[in-house]
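In: here are the coordinates; sequence isn't available:
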């Protein structure tokens, strides 16, 4: 008579313990801390205008204490550096607010994302259709290359 296989020995898991291989090093991925805060162009413009309106030696200190009164002492230097960067980007910030993009928080650099003109889009469609008539498979990389080279 053949013997029946013995059941696998499984270590008992504590309640709430996940299944799977136990970690040999570390505790896994750390939870997100959500430290970054997006700031709108409109707010940046308000800070720049306030900074320009002050007539004193402590312009930056007054600006930081006005807009960020509850800022911790160790974060003041970081915020000053950020405001100085906004002052260097003054033309971009003013342009964004004048074109109606003041509520946006991020700016896309040239080449990261582009909107094609309607004329070029029609040309791209004709090119794709002509390739398909010839039996050539059209890939996304091909269309991307053509649109990228046209910019």
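Out: In hand now; what should we look at? Since we're looking at a predicted model, the values are computed, not measured.
In: Which residues outside the lengthiest helix in the chain are in contact with it?
Out: Counting residues, the longest helix found in the chain (DSSP state H) is helix 118-133. Residues from elsewhere that reach helix 118-133 (CB atoms under 8 Å, 6 or more residues apart in numbering): 116, 138, 143, 146-147, 150. In short, each C-beta sits where N, CA and C put it, glycine included.
In: can you give me the angle the helix or strand following that helix makes with helix 118-133?
Out: Beyond helix 118-133 in the direction of the C-terminus, DSSP states H and E gives the next helix or strand as helix 140-150. Interaxial angle, helix 140-150 versus helix 118-133 (axes from the mean of the first three to the mean of the last three CA atoms, to 10 degrees): 140 degrees.
In: So which elements touch helix 140-150?
Out: If contacts are counted by 3 or more CB pairs under 8 Å, 6 or more residues apart in numbering; DSSP states H and E, helix 140-150 sits against helix 118-133.
In: buried sites along stretch 50-60?
Out: Neighbour counts over stretch 50-60 (16 or more other CB atoms under 10 Å) mark 51, 60 as buried.
In: Quick one, grab the pLDDT at residue 106.
Out: Predicted confidence (pLDDT) for residue 106: 64.
In: cool, and residue 38?
Out: Model confidence at residue 38 (pLDDT) stands at 84.
In: How many residues are close by it?
Out: Applying the criterion other CB atoms under 10 Å, we find 7 residues in the vicinity of residue 38.
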